[in-house]
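A.B. asks: predicted model and sequence follow; I will ask about them next.
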Amino acid sequence: MGLSTIFYYIIGLFLLYIIGLILVWPIKKIIKLIGNGILGGITLLLFNFIGKYFGLSIVINPLNAIIVGFLGVPGVILLLILQVIL
């Protein structure tokens, strides 16, 4: 094995590492998005449970869950305002 072969192995491993980082980054974002969506769905479920006493409810669907998951309480307020307007 010559010096150039070892050099090519090092370059190949470095490129494999870079490609691995590029592929893992979107997976982390997707997992975070799913987690936020689940938390948003739970928040909407609790809001609907408490809101039924006041005549308020928000439909639980994936888009609403993600909005509430990202924005939190302001997301619930946003969905209520959109429900009144539309």
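C.D. replies: Done, it's in. Numbers count the residues shown, from 1 in each chain.
A.B. asks: what is the helix or strand encompassing residue 28 packed up against?
C.D. replies: In this assignment (DSSP states H and E), residue 28 forms part of helix 3-51. Helices and strands touching helix 3-51, by 3 or more CB pairs under 8 Å, 6 or more residues apart in numbering; DSSP states H and E, are helix 62-71, helix 73-85. Bear in mind the C-beta positions are built from the backbone N, C-alpha and C, glycine included.
A.B. asks: need the three-state assignment for residue 58.
C.D. replies: Judged by DSSP: H, G, I helix; E, B strand; the rest coil, the three-state class of residue 58 is coil.
A.B. asks: surely residue 71 touches residue 78?
C.D. replies: Yes: applying CB atoms under 8 Å, one finds residue 71 in contact with residue 78, separated by 6.6 Å.
A.B. asks: contacts only, for residue 80.
C.D. replies: Contact analysis of residue 80 by CB atoms under 8 Å, 6 or more residues apart in numbering lists 56, 58.
A.B. asks: kindly apply the preceding question to residue 38 instead.
C.D. replies: Residue 38 makes contacts with 65, 69, as judged by CB under 8 Å, 6+ apart.
A.B. asks: please redo it, this time with the cut-off set to 7 Å
C.D. replies: Under the criterion of CB atoms under 7 Å, 6 or more residues apart in numbering, residue 38 has no neighbours.
A.B. asks: roughly how far does it sit from residue 65?
C.D. replies: 7 Å (CB to CB, to the nearest Å).
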